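Novice: Prediction below, plus the sequence it came from.
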Amino acid sequence: MHKVDPIQIMLSDIFEKVFYNREPSHKVCEDCDGDGWVDTEIARPQNFDRDVGYLDTKRVECEWCGGTGLMEDEE
């Protein structure tokens, strides 16, 4: 997966605003709502220590934005 550097995005947004007087070309990721992570369900099966299985949640990096919370604007 391609990693996006948040500092590079921030600096490019500032450059766009200051030198070209236009809005940045990034928008908030819709999948993670700009958090950079999402909660996924993980099955915890029954075993010797656990008498019943259950669903647990785990926080993972958003695969759409690479954990930055920002997406490239396609316009």
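Specialist: Alright, I've got the coordinates.
Novice: for stretch 27-42, how far is the first residue from the last?
Specialist: One end of stretch 27-42 sits 29 Å from the other (C-alpha to C-alpha, to the nearest Å).
Novice: for stretch 33-40, same thing?
Specialist: 15 Å.
Novice: can you give me the strands in the chain?
Specialist: 26-28, 37-44, 54-61, 70-72 (DSSP state E).
Novice: what's the average pLDDT for the third one?
Specialist: For strand 54-61, mean pLDDT rounds to 92.
Novice: from the middle of its chain, how far away would it be?
Specialist: Chain-centre distance of strand 54-61: 15 Å, with C-alpha atoms, centre = their mean, to the nearest Å.
Novice: can you state the direction angle for that strand and strand 37-44?
Specialist: Calculated by axes from the mean of the first three to the mean of the last three C-alpha atoms, to 10 degrees, strand 54-61 forms an angle of 150 degrees with strand 37-44.
Novice: Point out the other elements, helices or strands, that strand 54-61 touches.
Specialist: strand 37-44 (3 or more C-beta pairs under 8 Å, 6 or more residues apart in numbering; DSSP states H and E). Heads up, the C-betas are built off the backbone N, CA and C, glycines and all.
Novice: Which residue in this protein shows the largest distance from the geometric centre?
Specialist: What lies farthest from the middle of the chain is residue 48; by C-alpha atoms, centre = their mean that is 35.9 Å.
Novice: I appreciate the help and will end here.
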